[in-house]
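In: Attaching a predicted model along with its sequence, questions to come.
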Amino acid sequence: MCICINCNHITECNTYYLIESKHQQTHINKNPFFIPEFPVIHINISSQSHFNQVDWDLVECLSFVEKPNNWNLNQY
């Protein structure tokens with residue numbers, strides 16, 4: 001699971017922008033300016049029959065600042 005959803009920097013983070021892109025999601029911020037320190041992304045690939053799925057999760061980041069539920073954009 002991506003730790004970004006509980007990070008204070010989610011709306012400004014360029015690494016989260018990359019993860020949004022890889023998941024083909026709408027971007028929270030079109031011009032993120034925050035560059036996190038040492039993000040670690042796990043890429044999980046699963047295959048079932050003729051279907052492959054790729055999941056990108058940021059699992060470690062030295063810039064992580066906990067802010068639970070920060071991914072919930074209804075709060076903005």
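Out: Yep, it's here.

In: hey, let's count contacts and neighbours off CA atoms from now on
Out: Noted.

In: so where is this protein shaky, pLDDT-wise?
Out: 73-76 (pLDDT under 70).

In: Recalculate using a threshold of 50.
Out: Along the chain, segments meeting pLDDT under 50 span 76.

In: In which helix or strand does the nearest residue to residue 52 once chain neighbours are set aside reside?
Out: The spatially closest residue to residue 52, leaving aside those adjacent along the chain, is residue 46, at 5.7 Å (CA to CA, 6 or more residues apart in numbering). Per DSSP states H and E: residue 46 is located in strand 40-48.

In: so who does residue 14 touch?
Out: 32, 33, 34, 35, 36 (CA atoms under 8 Å, 6 or more residues apart in numbering).

In: Recalculate using a threshold of 6 Å.
Out: 32, 34, 35 (CA atoms under 6 Å, 6 or more residues apart in numbering).

In: Of those residues, select the buried ones using a ChimeraX command.
Out: Only the buried entries of the contacts of residue 14 go into this ChimeraX selection, using 16 or more other CA atoms under 10 Å:
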select :32
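
In: for the contacts of residue 14, which one is nearest residue 61?
Out: residue 35 (10.7 Å; CA to CA).

In: What distance do you get for that closest one to residue 19?
Out: 14 Å (CA to CA, to the nearest Å).

In: Check residue 13 too.
Out: In terms of CA to CA, residue 13 sits 10 Å off from residue 19.

In: Helix or strand next in line after the strand holding residue 46, which one?
Out: strand 51-60.

In: Reformat the contacts of residue 14 as a markdown table; add distance to residue 61.
Out: Below are the contacts of residue 14 laid out as a markdown table (distance: CA to CA, whole Å):
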| residue | distance to residue 61 |
| --- | --- |
| 32 | 17 |
| 34 | 13 |
| 35 | 11 |
